[in-house]
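1. Got a predicted model here, sequence first, then my questions.
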Amino acid sequence: MPLTSDQYLRYARHLSLPEFGEKGQEKLLKSSILLIGAGGLGSPLALYLAAAGVGRLGIMDFDVVDVSNLQRQIIHRTQDVGTSKAKSAKRGVNDLNPGCQVDIYEEGITSANALELIAKYDIVIDGTDNFPTRYLVNDACVMLNKVNIYGSIYRFEGQATVFDTRKNAEGKRNGPCYRCLYPEPPPPGEVPSCAEGGVLGVLPGIIAMIQATEAIKVLTGMGRTLAGRFVRYDAMNMSFRELKLRPDPTCPVCSANPTVTKLIDYQQFCGMSRGGESAMSTENLEISPTDYAAIRESGKEHLLLDVREPFELGICQIEGNMNIPLGQLPNRLSEIANWKNGLVIAQCKSGRRSMKALETLKKHGFTNVLNLQGGILAYGEEVDPSISAY
(Lines give C-alpha, C1' and ligand atoms only; values in the text may rest on other atoms or scores of the structure.)
Protein backbone atom coordinates (compact mmCIF):
# COMPACT_ATOMS: atom_id res chain seq x y z
CA MET A 1 0.00 0.00 0.00
CA PRO A 2 1.62 3.30 -1.09
CA LEU A 3 2.39 6.02 1.45
CA THR A 4 -0.01 8.93 1.75
CA SER A 5 1.11 12.50 1.18
CA ASP A 6 1.02 13.11 4.94
CA GLN A 7 3.22 10.05 5.52
CA TYR A 8 5.72 11.22 2.90
CA LEU A 9 6.05 14.46 4.83
CA ARG A 10 6.04 12.92 8.31
CA TYR A 11 8.66 10.26 7.54
CA ALA A 12 10.76 12.26 5.07
CA ARG A 13 13.97 11.79 7.04
CA HIS A 14 13.52 8.03 7.00
CA LEU A 15 12.79 8.05 3.28
CA SER A 16 16.04 9.93 2.71
CA LEU A 17 18.06 7.03 4.12
CA PRO A 18 19.08 4.67 1.30
CA GLU A 19 19.25 1.76 3.75
CA PHE A 20 15.71 2.50 4.99
CA GLY A 21 13.70 4.25 2.32
CA GLU A 22 10.10 3.65 1.37
CA LYS A 23 10.26 -0.11 1.81
CA GLY A 24 11.54 0.21 5.36
CA GLN A 25 8.83 2.71 6.23
CA GLU A 26 6.13 0.49 4.79
CA LYS A 27 7.38 -2.40 6.92
CA LEU A 28 7.13 -0.25 10.06
CA LEU A 29 3.63 0.93 9.17
CA LYS A 30 2.49 -2.68 8.81
CA SER A 31 4.15 -3.81 12.03
CA SER A 32 2.94 -4.21 15.61
CA ILE A 33 4.75 -4.09 18.93
CA LEU A 34 3.55 -4.99 22.41
CA LEU A 35 5.03 -2.80 25.16
CA ILE A 36 4.79 -4.43 28.56
CA GLY A 37 4.96 -1.53 30.96
CA ALA A 38 4.37 2.18 30.42
CA GLY A 39 6.91 3.34 32.98
CA GLY A 40 10.54 4.42 32.73
CA LEU A 41 11.36 2.30 29.68
CA GLY A 42 7.87 2.12 28.20
CA SER A 43 7.42 5.90 28.12
CA PRO A 44 10.23 6.81 25.69
CA LEU A 45 9.69 3.56 23.81
CA ALA A 46 6.06 4.42 23.06
CA LEU A 47 6.94 7.93 21.93
CA TYR A 48 9.87 7.04 19.69
CA LEU A 49 8.25 3.98 18.13
CA ALA A 50 5.08 5.92 17.39
CA ALA A 51 7.13 8.80 15.97
CA ALA A 52 9.06 6.34 13.78
CA GLY A 53 5.83 5.07 12.25
CA VAL A 54 5.14 1.71 13.88
CA GLY A 55 1.59 0.97 12.78
CA ARG A 56 0.19 -0.53 15.95
CA LEU A 57 1.31 -0.39 19.57
CA GLY A 58 -0.08 -2.46 22.39
CA ILE A 59 0.52 -0.80 25.77
CA MET A 60 0.05 -2.93 28.87
CA ASP A 61 0.16 -1.50 32.39
CA PHE A 62 -2.15 -1.98 35.37
CA ASP A 63 -0.70 0.91 37.43
CA VAL A 64 -1.68 4.56 37.76
CA VAL A 65 0.54 7.61 37.36
CA ASP A 66 2.24 8.76 40.56
CA VAL A 67 3.98 12.09 40.96
CA SER A 68 7.28 10.27 41.63
CA ASN A 69 7.02 8.73 38.13
CA LEU A 70 7.33 12.09 36.39
CA GLN A 71 11.10 12.31 37.01
CA ARG A 72 11.69 9.71 34.26
CA GLN A 73 8.38 8.49 32.77
CA ILE A 74 8.23 11.26 30.21
CA ILE A 75 5.03 10.29 28.41
CA HIS A 76 2.98 11.23 31.47
CA ARG A 77 2.14 14.76 32.60
CA THR A 78 1.43 16.32 35.97
CA GLN A 79 -2.31 16.37 35.20
CA ASP A 80 -2.16 12.60 34.61
CA VAL A 81 -1.31 11.84 38.25
CA GLY A 82 -3.84 9.35 39.59
CA THR A 83 -4.98 8.17 36.16
CA SER A 84 -4.23 4.94 34.30
CA LYS A 85 -0.71 4.76 32.88
CA ALA A 86 -2.01 2.88 29.85
CA LYS A 87 -4.56 5.60 29.07
CA SER A 88 -2.04 8.35 29.72
CA ALA A 89 0.44 6.67 27.37
CA LYS A 90 -2.21 6.31 24.68
CA ARG A 91 -2.96 10.02 24.95
CA GLY A 92 0.74 10.80 24.55
CA VAL A 93 1.05 8.61 21.46
CA ASN A 94 -2.11 10.00 19.87
CA ASP A 95 -0.89 13.56 20.43
CA LEU A 96 2.39 12.74 18.70
CA ASN A 97 1.17 10.55 15.84
CA PRO A 98 -2.56 10.07 15.31
CA GLY A 99 -1.78 7.53 12.60
CA CYS A 100 -0.47 5.01 15.14
CA GLN A 101 -3.13 2.60 16.39
CA VAL A 102 -2.92 2.08 20.15
CA ASP A 103 -4.41 -0.87 22.00
CA ILE A 104 -4.32 -0.60 25.77
CA TYR A 105 -4.50 -3.32 28.40
CA GLU A 106 -5.09 -2.07 31.93
CA GLU A 107 -4.01 -5.34 33.49
CA GLY A 108 -0.90 -7.31 34.25
CA ILE A 109 0.45 -10.04 32.02
CA THR A 110 -0.15 -13.51 33.45
CA SER A 111 0.22 -17.14 32.47
CA ALA A 112 -3.50 -17.07 31.63
CA ASN A 113 -3.39 -14.21 29.10
CA ALA A 114 0.22 -14.09 27.85
CA LEU A 115 0.05 -16.47 24.89
CA GLU A 116 -3.18 -15.05 23.48
CA LEU A 117 -1.98 -11.48 23.88
CA ILE A 118 1.58 -11.84 22.58
CA ALA A 119 0.39 -13.81 19.56
CA LYS A 120 -1.30 -10.63 18.27
CA TYR A 121 1.99 -8.73 17.89
CA ASP A 122 5.14 -9.06 15.82
CA ILE A 123 7.58 -8.42 18.67
CA VAL A 124 7.49 -7.78 22.40
CA ILE A 125 9.47 -5.20 24.36
CA ASP A 126 9.72 -5.92 28.07
CA GLY A 127 9.94 -2.75 30.15
CA THR A 128 9.13 -4.29 33.51
CA ASP A 129 11.26 -4.47 36.65
CA ASN A 130 10.22 -7.78 38.22
CA PHE A 131 11.51 -11.28 37.66
CA PRO A 132 8.24 -13.24 37.39
CA THR A 133 7.18 -11.10 34.43
CA ARG A 134 10.58 -11.38 32.73
CA TYR A 135 10.53 -15.17 32.89
CA LEU A 136 6.90 -15.29 31.79
CA VAL A 137 7.47 -13.00 28.79
CA ASN A 138 10.58 -14.94 27.81
CA ASP A 139 8.89 -18.32 27.88
CA ALA A 140 5.82 -17.10 26.01
CA CYS A 141 7.97 -15.48 23.30
CA VAL A 142 10.02 -18.66 22.81
CA MET A 143 6.87 -20.76 22.57
CA LEU A 144 5.32 -18.35 20.06
CA ASN A 145 8.54 -17.78 18.08
CA LYS A 146 8.48 -14.04 18.85
CA VAL A 147 11.40 -11.66 19.37
CA ASN A 148 11.71 -10.34 22.92
CA ILE A 149 13.66 -7.08 23.28
CA TYR A 150 14.98 -6.78 26.81
CA GLY A 151 16.13 -3.84 28.89
CA SER A 152 16.59 -3.11 32.56
CA ILE A 153 17.74 -0.17 34.66
CA TYR A 154 18.97 0.40 38.21
CA ARG A 155 20.52 3.46 39.81
CA PHE A 156 23.14 4.59 37.24
CA GLU A 157 23.39 1.44 35.14
CA GLY A 158 21.36 -0.19 32.42
CA GLN A 159 21.51 -3.19 30.14
CA ALA A 160 19.86 -4.33 26.94
CA THR A 161 19.82 -7.21 24.48
CA VAL A 162 17.61 -8.95 21.93
CA PHE A 163 16.36 -12.42 22.76
CA ASP A 164 15.70 -13.83 19.30
CA THR A 165 15.25 -17.60 19.40
CA ARG A 166 13.85 -17.86 15.89
CA LYS A 167 15.67 -20.31 13.66
CA ASN A 168 17.74 -19.13 10.70
CA ALA A 169 18.14 -20.77 7.29
CA GLU A 170 20.63 -23.24 8.78
CA GLY A 171 18.14 -24.33 11.42
CA LYS A 172 20.05 -22.66 14.26
CA ARG A 173 18.52 -20.17 16.66
CA ASN A 174 19.54 -16.53 16.14
CA GLY A 175 20.46 -16.20 19.78
CA PRO A 176 19.79 -17.28 23.37
CA CYS A 177 16.77 -16.53 25.52
CA TYR A 178 16.48 -14.88 28.95
CA ARG A 179 16.76 -18.24 30.71
CA CYS A 180 20.08 -18.91 28.98
CA LEU A 181 21.40 -15.74 30.62
CA TYR A 182 19.63 -16.18 33.97
CA PRO A 183 18.79 -19.87 34.49
CA GLU A 184 17.39 -19.21 37.96
CA PRO A 185 15.90 -16.11 39.60
CA PRO A 186 17.67 -14.45 42.51
CA PRO A 187 16.28 -15.00 45.99
CA PRO A 188 13.30 -12.72 46.73
CA GLY A 189 14.38 -9.29 47.96
CA GLU A 190 18.01 -9.66 46.90
CA VAL A 191 17.68 -7.25 43.97
CA PRO A 192 16.03 -3.97 45.03
CA SER A 193 13.50 -2.33 42.73
CA CYS A 194 14.03 1.15 41.29
CA ALA A 195 11.62 2.45 43.91
CA GLU A 196 13.91 1.12 46.63
CA GLY A 197 17.32 1.71 45.08
CA GLY A 198 16.63 4.79 42.96
CA VAL A 199 17.34 5.50 39.30
CA LEU A 200 18.87 8.42 37.43
CA GLY A 201 15.99 10.05 35.57
CA VAL A 202 17.64 10.11 32.14
CA LEU A 203 18.88 6.51 32.31
CA PRO A 204 15.63 4.87 31.11
CA GLY A 205 15.70 7.06 28.02
CA ILE A 206 19.14 5.79 27.02
CA ILE A 207 18.25 2.12 27.46
CA ALA A 208 14.84 2.58 25.84
CA MET A 209 16.49 4.16 22.80
CA ILE A 210 18.64 1.06 22.42
CA GLN A 211 15.52 -1.10 22.65
CA ALA A 212 13.64 1.07 20.14
CA THR A 213 16.57 0.97 17.72
CA GLU A 214 16.72 -2.81 17.94
CA ALA A 215 12.96 -3.07 17.39
CA ILE A 216 13.16 -1.00 14.21
CA LYS A 217 16.09 -3.10 12.96
CA VAL A 218 14.23 -6.35 13.64
CA LEU A 219 11.09 -5.13 11.89
CA THR A 220 12.85 -3.71 8.83
CA GLY A 221 15.65 -6.26 8.54
CA MET A 222 18.34 -3.57 8.67
CA GLY A 223 21.74 -3.99 10.25
CA ARG A 224 22.94 -6.43 12.89
CA THR A 225 20.82 -6.78 16.01
CA LEU A 226 21.93 -7.40 19.57
CA ALA A 227 20.90 -11.07 19.40
CA GLY A 228 23.74 -12.93 21.06
CA ARG A 229 25.21 -9.71 22.44
CA PHE A 230 24.57 -8.01 25.78
CA VAL A 231 25.18 -4.29 26.25
CA ARG A 232 25.86 -2.78 29.67
CA TYR A 233 25.84 0.98 30.16
CA ASP A 234 27.41 2.90 33.04
CA ALA A 235 26.12 6.47 33.19
CA MET A 236 28.62 7.55 35.85
CA ASN A 237 31.56 6.76 33.57
CA MET A 238 29.68 7.21 30.26
CA SER A 239 30.88 3.80 29.15
CA PHE A 240 29.42 0.87 27.26
CA ARG A 241 30.56 -2.73 27.56
CA GLU A 242 29.50 -5.54 25.25
CA LEU A 243 29.40 -9.20 26.29
CA LYS A 244 28.78 -12.22 24.09
CA LEU A 245 25.82 -14.45 24.87
CA ARG A 246 25.47 -18.04 23.76
CA PRO A 247 22.45 -20.33 23.86
CA ASP A 248 22.47 -22.81 26.71
CA PRO A 249 22.25 -26.30 25.17
CA THR A 250 20.42 -27.45 28.31
CA CYS A 251 18.02 -24.48 28.49
CA PRO A 252 14.64 -25.75 29.72
CA VAL A 253 12.79 -23.55 27.23
CA CYS A 254 14.78 -22.87 24.03
CA SER A 255 17.04 -25.94 23.77
CA ALA A 256 16.48 -28.82 21.37
CA ASN A 257 14.84 -30.79 24.18
CA PRO A 258 12.87 -28.32 26.32
CA THR A 259 11.44 -29.41 29.64
CA VAL A 260 9.22 -26.33 30.02
CA THR A 261 6.64 -26.59 27.26
CA LYS A 262 3.81 -24.62 28.83
CA LEU A 263 3.57 -21.54 30.99
CA ILE A 264 3.98 -22.12 34.71
CA ASP A 265 3.31 -20.27 37.97
CA TYR A 266 6.05 -17.65 37.74
CA GLN A 267 5.36 -16.11 41.12
CA GLN A 268 6.02 -19.48 42.69
CA PHE A 269 9.05 -20.06 40.46
CA CYS A 270 10.62 -16.77 41.53
CA GLY A 271 9.76 -17.40 45.17
CA MET A 272 12.19 -20.32 45.26
CA SER A 273 15.83 -19.99 46.28
CA ARG A 274 18.72 -21.24 44.15
CA GLY A 275 18.90 -24.35 46.25
CA GLY A 276 15.29 -25.16 45.43
CA GLU A 277 14.01 -24.50 48.95
CA SER A 278 11.23 -22.06 49.59
CA ALA A 279 12.23 -18.58 50.62
CA MET A 280 11.53 -17.66 54.22
CA SER A 281 7.81 -17.69 54.85
CA THR A 282 6.21 -14.48 56.04
CA GLU A 283 3.77 -16.42 58.20
CA ASN A 284 3.98 -15.27 61.84
CA LEU A 285 6.81 -12.89 60.95
CA GLU A 286 4.79 -9.81 60.07
CA ILE A 287 3.02 -7.29 62.23
CA SER A 288 0.33 -4.99 60.94
CA PRO A 289 0.69 -1.22 61.28
CA THR A 290 -2.21 -1.08 63.73
CA ASP A 291 -0.78 -3.86 65.90
CA TYR A 292 2.58 -2.13 65.91
CA ALA A 293 0.89 1.12 66.91
CA ALA A 294 -0.61 -0.75 69.86
CA ILE A 295 2.87 -1.92 70.91
CA ARG A 296 4.11 1.65 70.82
CA GLU A 297 1.08 2.83 72.78
CA SER A 298 1.60 0.17 75.46
CA GLY A 299 5.26 1.15 75.90
CA LYS A 300 6.46 -2.42 75.33
CA GLU A 301 10.24 -2.47 74.96
CA HIS A 302 11.40 -3.13 71.39
CA LEU A 303 13.88 -2.02 68.76
CA LEU A 304 12.49 -0.42 65.60
CA LEU A 305 15.15 -1.15 62.99
CA ASP A 306 14.78 1.10 59.93
CA VAL A 307 16.79 -0.43 57.06
CA ARG A 308 16.18 2.34 54.53
CA GLU A 309 18.86 4.60 53.13
CA PRO A 310 19.71 7.73 55.20
CA PHE A 311 18.18 10.13 52.66
CA GLU A 312 14.82 8.40 53.08
CA LEU A 313 14.74 9.34 56.76
CA GLY A 314 14.76 12.96 55.66
CA ILE A 315 11.45 12.37 53.90
CA CYS A 316 9.70 10.62 56.76
CA GLN A 317 10.43 8.35 59.69
CA ILE A 318 8.83 6.76 62.70
CA GLU A 319 10.10 8.31 65.90
CA GLY A 320 12.59 6.27 67.89
CA ASN A 321 13.98 4.16 65.08
CA MET A 322 17.55 2.97 64.69
CA ASN A 323 18.77 3.33 61.11
CA ILE A 324 21.07 0.70 59.61
CA PRO A 325 20.71 0.48 55.81
CA LEU A 326 20.10 -3.06 54.59
CA GLY A 327 23.39 -3.24 52.70
CA GLN A 328 25.32 -2.35 55.87
CA LEU A 329 23.41 -4.63 58.24
CA PRO A 330 25.68 -7.73 58.10
CA ASN A 331 28.71 -5.61 59.10
CA ARG A 332 26.90 -3.65 61.83
CA LEU A 333 25.14 -6.40 63.75
CA SER A 334 27.39 -5.75 66.74
CA GLU A 335 25.56 -2.44 67.24
CA ILE A 336 22.34 -4.29 68.04
CA ALA A 337 23.80 -7.43 69.61
CA ASN A 338 22.06 -6.72 72.93
CA TRP A 339 18.70 -7.20 71.14
CA LYS A 340 19.34 -10.84 70.16
CA ASN A 341 16.70 -12.03 72.59
CA GLY A 342 14.61 -8.87 72.56
CA LEU A 343 11.82 -7.83 70.22
CA VAL A 344 13.14 -6.36 66.97
CA ILE A 345 10.71 -4.91 64.43
CA ALA A 346 12.30 -4.26 61.04
CA GLN A 347 10.89 -1.53 58.81
CA CYS A 348 11.55 -0.07 55.36
CA LYS A 349 9.49 1.76 52.75
CA SER A 350 7.18 -1.06 51.64
CA GLY A 351 8.24 -4.12 53.64
CA ARG A 352 10.46 -5.86 51.09
CA ARG A 353 13.88 -4.76 52.31
CA SER A 354 12.91 -5.25 55.93
CA MET A 355 11.83 -8.83 55.22
CA LYS A 356 15.27 -9.42 53.76
CA ALA A 357 16.72 -7.91 56.94
CA LEU A 358 14.78 -10.47 58.97
CA GLU A 359 16.56 -13.27 57.11
CA THR A 360 19.91 -11.76 58.11
CA LEU A 361 18.86 -11.30 61.72
CA LYS A 362 17.50 -14.83 62.12
CA LYS A 363 20.61 -16.27 60.47
CA HIS A 364 22.74 -14.55 63.15
CA GLY A 365 20.75 -15.71 66.14
CA PHE A 366 18.12 -13.01 66.68
CA THR A 367 15.18 -14.92 68.15
CA ASN A 368 12.25 -12.47 68.23
CA VAL A 369 11.99 -10.54 64.98
CA LEU A 370 9.02 -9.13 63.09
CA ASN A 371 8.53 -7.22 59.85
CA LEU A 372 6.32 -4.12 59.70
CA GLN A 373 3.82 -5.17 57.05
CA GLY A 374 3.66 -2.70 54.16
CA GLY A 375 6.47 -0.63 55.63
CA ILE A 376 6.32 3.01 56.60
CA LEU A 377 3.94 3.78 53.74
CA ALA A 378 1.31 1.44 55.18
CA TYR A 379 1.96 2.85 58.65
CA GLY A 380 1.32 6.32 57.29
CA GLU A 381 -1.93 5.26 55.62
CA GLU A 382 -3.33 3.31 58.55
CA VAL A 383 -1.88 4.99 61.65
CA ASP A 384 -0.05 8.28 61.17
CA PRO A 385 -1.28 10.53 58.33
CA SER A 386 1.53 13.00 59.01
CA ILE A 387 3.99 10.58 57.37
CA SER A 388 4.74 11.69 53.82
CA ALA A 389 4.29 9.15 51.05
CA TYR A 390 7.12 8.93 48.53
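-> Perfect, I can see it now. In this text, all values refer to a predicted model and were calculated from it rather than measured experimentally.

2. separation between residue 367 and residue 344?
-> When CB to CB, to the nearest Å is the yardstick, residue 367 and residue 344 sit 9 Å from each other. The C-beta positions use only the backbone N, C-alpha and C, and glycine is treated the same way.

3. and what of residue 338?
-> Taking CB to CB as the criterion, residue 338 is separated from residue 344 by 11 Å.

4. And for residue 376?
-> 16 Å.

5. again with residue 125
-> As judged by CB to CB, residue 125 and residue 344 stand 43 Å apart.

6. and the one helix or strand residue 7 maps to, which residues are buried?
-> Element membership for residue 7 (DSSP states H and E) is helix 5-10. Taking 16 or more other CB atoms under 10 Å as the neighbour-count basis, helix 5-10 is seen to contain the buried residues 7, 10.

7. Now do the same contact list for residue 227.
-> 161-164, 174-175 (CB atoms under 8 Å, 6 or more residues apart in numbering).

8. got the phi/psi numbers for it?
-> Comment: the main-chain dihedrals of residue 227 come out as phi -60, psi 120, following degrees, to the nearest 10.

9. beta partners for it?
-> Beta-bridge pairing for residue 227 (DSSP bridges): residue 162.

10. Residue 150 now?
-> In this entry, residue 150 is beta-bridged to residue 126, residue 161, by DSSP bridges.

11. Report the separation between it and residue 212.
-> With CB to CB as the criterion, residue 150 and residue 212 are 13 Å apart.

12. which one of those two has more residues nearby?
-> Ranked by neighbour count (other CB atoms under 10 Å), residue 150 and residue 212 place residue 150 first, with 27 against 24.

13. Give me the spatial nearest neighbour of residue 102, chain neighbours excluded.
-> The shortest distance from residue 102 to any residue that is not its chain neighbour, by CB to CB, 6 or more residues apart in numbering, is 4.5 Å, and that residue is residue 90.

14. In the host helix or strand of that neighbour, which residues are buried?
-> Following DSSP H and E, one finds residue 90 within helix 85-96. Residues 85-93 are the ones in helix 85-96 that count as buried (16+ other CB under 10 Å).

15. Quick check: bridge partners of the nearest residue to residue 323 once chain neighbours are set aside?
-> Residue nearest to residue 323 in three dimensions, not counting chain neighbours: residue 306, with 4.7 Å by CB to CB, 6+ apart. According to DSSP bridges, the partner residues bridging residue 306 are residue 323, residue 347.

16. and residue 295, that's in a strand?
-> No: checked against DSSP: H, G, I helix; E, B strand; the rest coil, residue 295 lies outside a strand; its state is helix.

17. Would you confirm that it contacts residue 302?
-> Yes: counting by CB atoms under 8 Å, residue 295 touches residue 302, with 6.3 Å between them.

18. what sits in contact with each of these two?
-> By CB under 8 Å, 6+ apart, residue 295 and residue 302 have these common neighbours: residue 345.

19. Which residue ranges make up each domain of the chain?
-> Under the assignment named as automatic domain parsing, the residue ranges that make up the domains of the chain are 31-269, 286-382.

20. With respect to burial, which of those scores highest?
-> Across those, averaging neighbours per residue (mean count of other CB atoms under 10 Å) puts domain 31-269 on top, at a mean of 19.

21. Endpoint to endpoint, it covers what distance?
-> Length of domain 31-269, first residue to last, CA to CA, to the nearest Å: 33 Å.

22. got a list of what residue 146 touches?
-> With contacts defined as CB under 8 Å, 6+ apart, the neighbours of residue 146 are 118, 121-124, 140.

23. Could you let me know which of these ends up closest to residue 3?
-> When the contacts of residue 146 are compared for distance to residue 3, the smallest value, 19.6 Å, is given by residue 122; criterion: CB to CB.

24. how near is the closest one to residue 116?
-> The gap separating residue 122 from residue 116 is 16 Å, by CB to CB.

25. And for residue 209?
-> The spacing between residue 209 and residue 116, counted by CB to CB, is 30 Å.

26. Report the separation between residue 359 and residue 366.
-> Between residue 359 and residue 366 the computed distance is 11 Å (CB to CB).

27. same thing with residue 321?
-> Distance check for residue 321 against residue 366: by CB to CB, it reads 17 Å.

28. Off-centre distance for stretch 172-181?
-> The chain centroid and the centroid of stretch 172-181 are separated by 20 Å under CA atoms, centre = their mean, to the nearest Å.

29. per-residue confidence averaged over it?
-> When the per-residue pLDDT values of stretch 172-181 are averaged, the result is 93.

30. Quote the end-to-end distance of stretch 197-207.
-> From the first residue to the last, stretch 197-207 extends over 18 Å; the measure is CA to CA.

31. List of residues touching that stretch?
-> By CB under 8 Å, 6+ apart, the residues outside stretch 197-207 that reach it are 39-41, 43-44, 71-74, 151-160, 233, 235.
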